[in-house]
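In: I would like to see how this sequence folds:
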Amino acid sequence: MRLPIDAQERSRSQIGYPMLVTVEEAAGLLRIGRTTAYELVMSGKLQSVKVGRRRLVVREGVQDYVSKLLLAQNSFARKSSLQ
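Out: Next up is the predicted model:
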């Protein structure tokens, strides 16, 4: 399943943005490899749920992961500039 990218394409979508995406789709959103995405899921850094036999990533979890990365980088940059 391909995710809508822009507002025009999103408006044509019947379901809008799904709440859960596959690990492969999450990897695409993050621009990382599938293996790295699975490692993040299995380590708990990327929030996911099990639905039947499938492992799906919570879409908000992708945004939370990016927010945590930004926070960590900003705090490191501040710490480095103080030295």
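In: which other helices and strands does the lengthiest helix in the chain contact?
Out: Secondary structure of the chain per DSSP state H: the longest helix is helix 59-82. Here helix 59-82 touches strand 20-22, helix 23-30, going by 3 or more C-beta pairs under 8 Å, 6 or more residues apart in numbering; DSSP states H and E. Where you see a C-beta, it was placed from the backbone N, CA and C, and this is true even at glycine.
In: now the last one, how far from the centre of its chain.
Out: The gap between the average C-alpha position of helix 23-30 and the chain average comes to 6 Å, counting by C-alpha atoms, centre = their mean, to the nearest Å.
In: next one: stretch 60-67
Out: On the basis of C-alpha atoms, centre = their mean, stretch 60-67 sits 6 Å off its chain's mean C-alpha point.
In: what's the answer for stretch 35-51, then?
Out: Centre-to-centre, stretch 35-51 and its host chain are 10 Å apart (C-alpha atoms, centre = their mean).
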